[in-house]
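**Student:** Generate coordinates for the sequence data below:
(2 chains)
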Amino acid sequence: MSAVLIIEQVLNGLQFGVMLFLMAAGLTLVFGVMGLINLAHGSLYMIGAFACAAVAMATGSFWLGLAASIAASAAAGALIEVAVIRRLYDRDHLDQVLATFALILVFSEGTRWVFGSFPLYLDPPEGLSGAVTLPGGIDYPLYRLAIIVAGLAVAAGLFWLIGGTRLGIRIRAGESDREMIAALGVNIAALYTVVFALGAGLAGLAGAMVGAIQSVQVGMGEPVLILAFVVIVIGGVGSVAGALVGALLVGLTDTLGRFLLPVAFGAILPPSEAMGVGSALASMLIYLLMAVVLIFRPQGLFGARA
Amino acid sequence: MTREGAVNAVILALLAAVALAGAAGDRPFLVTLAAKVAILGLAGVGLNIALGFGGLVSFGHAAFFGLGGYVAGILASHAQNYEPVAEWPITIAGTQEMLIIWPAALAACALAAAVIGALSLRTSGIFFIMITLAFAQMLYYFAISWPAYGGEDGLPIYLRNAFPGLDTMDGLQFFALCLAALVLGVGLSWRLRDSRFGLALEAARQNPERVAAVGIRVFRVRLAAFVISAAITGLAGALYADLNRFVSPAMLSWQTSGELIVLVILGGVGRLWGPVAGAGLFVFLEHVLGGVSEYWQALLGLMLLGVVLFARGGLLGLLAGARRHG
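**Tutor:** Modelled structure (predicted):
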């Protein structure tokens, strides 16, 4: 096991974490501002990936596809917010879980109806294909590096949006007291739609970027959705900074666990068993992490309220 | 007989009638469907104790459903291969006797639920939903990556496990067994609901502070309810493994947890026979809508959306009126 290999895995973990952040940021904003659990967030991720793949196939341009993914998922987000989600803000969590679970069924089957059950494939843009040699002689895929950079740039943009713009002030005000900002004349319904569409667009962007690494298929969103929930619970529900820290923590833990645990068990067990035990434990590791955080700090690492 | 009692009797009669008609008309498929309804109904009855009576939104009951299934599958696979389950400290042989498998499944699920519940019940609201989901995912990924019992491919049970005096490979006899388990499960949840324990649980759902103020430990009541709920769902899982003669990680997946919640809600949350009605409706829709369109789940999603947004109370709420309080 060499240092090069470890650095590669750390970069993979960062890339995974940054992608999780794009998903988790929308979820945590929607929960923080509107108090809503949105299981259909994974569907928006899927819509982004499909929109990107379809447009990239039709036009031959990945960048047009990327723009289409944000537009399509933000539009889908705004649509479901107005048609369905809006009615759920005052309901209990059970109703929210059920209604958004229903939305997953509708979106998944609808996408299967339009695109079929076979996965689509999306190539990374030409300028970003191939590997790049990092200092220290590590060859790393340029596209994955670009995802890390793009993700961090979006994170910075989001922090600026929330911390430094008028919209951000309203979002934060909505988080702490929605009646009061409505009374002050802010159109709260429009604000909710904007926040939801913003989160949806980020999810779609994540889906499109990951779609070029993995295949684009129905059901791709749900595993990521559950990880994003793990992220926001670890980071603290409603906190964008918590989402970033949680996402990187989960991304690194998962990637390094899968890589290191089989090796670690190899020291005490025969190789075939070590592989089995190591990978079994590694796939449980982030859930273990979440359980530990919830038990010792139920409000999450950055959560203000219990 | 109250209106709800009448509706309940109709549900039970309808279920038995479908199975009998299937057996008489030589359509074993119908008998299998009826058995599936009874088993999913039983799983829902279990979940309903936590979700309906206790207001504990467990998004991880697939963990117990799958665990029960795996107990049946693992014991049966050892019996089939004539390998003991464990040789140390005592030799435990595999078995295909349901009368041994069931208590084992109940015990395993109760134990798992005691651990999961003791940790999860420290949280509430969205955190409870998420942590129960997380525990179920842990088991799911463990089952997928643990190679000894089939991993991702699942574990076949070549012959259904045996029950003394019955031929479990006969559809109708197996259905009768499932129906008996279902009736026992509903009976238990009925006695539970109307007991002092049930009252405390219901009260804790409505106002935990007051319940604590009169000297009842809310945590203990909820934990007991969670354990009982999980054990019943686990028994249903063991039966489901026998029905399909197959156990796979899909039984542990979060979709299964979602579907269990869906059928409890479709039928009527907190109602004794609600989960059974919901399971019947779910299986019926699966096959009727499945015949109309291969994208039936989209239609199911739209229906579910309609129920959540506009028709709270589910099927029993529709048929038997709003739930009585007190």
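**Student:** mind showing which ranges of the chain have poor pLDDT?
**Tutor:** Because you didn't say which chain, this covers chain A. Across chain A, residues meeting the criterion (pLDDT under 70) sit at A:1, A:304-306.
**Student:** sorry, should have said chain B
**Tutor:** B:1, B:88, B:323-326.
**Student:** is the top helix by length along it up against chain A anywhere?
**Tutor:** The longest helix of chain B (DSSP state H) is helix B:218-244. No - legend: contact between helix B:218-244 and chain A by C-beta under 8 Å from any C-beta of the partner chain is lacking; minimum distance shown is 14.0 Å. In short, each C-beta sits where N, CA and C put it, glycine included.
**Student:** Pull up the residues of chain A that are close to chain B.
**Tutor:** By C-beta under 8 Å from any C-beta, the residues of chain A that approach chain B are A:31, A:37, A:84, A:87, A:93-95, A:97-99, A:101-106, A:108-110, A:112-113, A:222, A:226, A:229-230, A:233, A:237, A:276, A:279-280, A:282-284, A:287-288, A:290-291, A:294-295, A:298.
**Student:** so what does the longest helix of chain B touch, helix or strand wise?
**Tutor:** When contacts are defined as 3 or more C-beta pairs under 8 Å, 6 or more residues apart in numbering or on different chains; DSSP states H and E, helix B:218-244 packs onto helix B:28-48, helix B:62-81, helix B:98-120, helix B:171-193, helix B:196-206, helix B:208-213.
**Student:** Could you point out which of these sits nearest residue A:209?
**Tutor:** Ranking these by distance to residue A:209, with C-beta to C-beta as the measure, places helix B:62-81 first at 30.7 Å.
**Student:** distance between the closest one and the chain's centre?
**Tutor:** 15 Å (C-alpha atoms, centre = their mean, to the nearest Å).
**Student:** That one to helix B:28-48, inter-axis angle?
**Tutor:** Interaxial angle, helix B:62-81 versus helix B:28-48 (axes from the mean of the first three to the mean of the last three C-alpha atoms, to 10 degrees): 130 degrees.
**Student:** So which bits of helix B:62-81 are buried?
**Tutor:** For helix B:62-81, a neighbour-count test (16 or more other C-beta atoms under 10 Å in any protein chain shown) marks B:62-79 as buried.
**Student:** likewise stretch A:2-17?
**Tutor:** Buried, per 16+ other C-beta under 10 Å, within stretch A:2-17: A:8-9, A:11-17.
**Student:** so of the residues you listed, which ones are in helices?
**Tutor:** The members of the buried residues of stretch A:2-17 that map onto helices under DSSP H are A:8-9, A:11-17.
**Student:** Looking at those residues, which is nearest residue B:293?
**Tutor:** residue A:16 (36.7 Å).
**Student:** Test my guess that that closest one contacts residue A:253.
**Tutor:** No - assessed by C-beta atoms under 8 Å, residue A:16 is found out of contact with residue A:253, at 10.0 Å.
**Student:** re earlier: right, and out of the ones in helices among the buried residues of stretch A:2-17, which lies closest to chain B?
**Tutor:** residue A:16 (15.9 Å; C-beta to the nearest C-beta).
**Student:** Can you name the residues that contact the closest one?
**Tutor:** A:251, A:254-255 (C-beta atoms under 8 Å, 6 or more residues apart in numbering or on different chains).
**Student:** Return the member of the residues you listed nearest to chain B.
**Tutor:** residue A:254 (10.6 Å).
**Student:** So which elements touch the host helix or strand of the closest one?
**Tutor:** Counting by DSSP states H and E, the element that carries residue A:254 is helix A:240-266. Applying 3+ C-beta pairs under 8 Å, 6+ apart, we find helix A:240-266 packed against helix A:3-34, helix A:142-164, helix A:221-235, helix A:271-296.
**Student:** Which of the contacts of residue A:16 has the largest number of neighbours?
**Tutor:** residue A:251 (24 neighbours; other C-beta atoms under 10 Å in any protein chain shown).
**Student:** contacting residues around that one?
**Tutor:** Applying C-beta under 8 Å, 6+ apart, we find residue A:251 in contact with A:13-20.
**Student:** The spatially closest residue to it that is not a sequence neighbour: what's it in contact with?
**Tutor:** In space, and not counting its chain neighbours, residue A:251 is closest to residue A:17: 2.5 Å by C-beta to C-beta, 6 or more residues apart in numbering or on different chains. Neighbouring residues of residue A:17 by C-beta under 8 Å, 6+ apart: A:247-252.
**Student:** mind listing what's buried in stretch A:120-132?
**Tutor:** When neighbours are counted by 16+ other C-beta under 10 Å, the buried residues of stretch A:120-132 are found to be A:120, A:122, A:124-125, A:128.
**Student:** Check stretch B:172-181 too.
**Tutor:** Quick answer for stretch B:172-181 (16+ other C-beta under 10 Å): B:172-179, B:181.
**Student:** Ok, stretch A:136-145 next?
**Tutor:** Across stretch A:136-145, burial judged by 16+ other C-beta under 10 Å covers A:140-141, A:143-145.
**Student:** Farthest pair within these?
**Tutor:** The widest separation within the buried residues of stretch A:136-145, taken as C-beta to C-beta, falls between A:140 and A:143 and amounts to 9.7 Å.
**Student:** Let me know whether residue B:252 touches residue B:64 as I believe.
**Tutor:** No - assessed by C-beta under 8 Å, residue B:252 is found out of contact with residue B:64, at 9.3 Å.
**Student:** give the contact list for residue A:50.
**Tutor:** Residue A:50 neighbours (C-beta under 8 Å, 6+ apart): A:111, A:115, A:120, A:207, A:216.
**Student:** For residue B:32, give its distance to chain A.
**Tutor:** Distance, residue B:32 to chain A, using C-beta to the nearest C-beta, to the nearest Å: 24 Å.
**Student:** Neighbours of the residue lying closest to that residue once chain neighbours are set aside, how many?
**Tutor:** In space, residue B:32 comes closest to residue B:171 once its chain neighbours are excluded; the distance is 6.1 Å by C-beta to C-beta, 6+ apart. Residues near residue B:171, counting by other C-beta under 10 Å, number 21.
**Student:** Just give the number of residues close to residue 279.
**Tutor:** All of this refers to chain A. Residue A:279, neighbours per other C-beta under 10 Å, totals 20.
**Student:** look at chain B instead
**Tutor:** For residue B:279, the neighbour count with other C-beta under 10 Å is 30.
**Student:** Checking my notes, it in a helix, right?
**Tutor:** Yes - counting by DSSP: H, G, I helix; E, B strand; the rest coil, residue B:279 falls inside a helix.
**Student:** tell me the contacts of it?
**Tutor:** For residue B:279, the contact set (C-beta under 8 Å, 6+ apart) comprises B:36-38, B:40-41, B:43-44, B:263, B:267.
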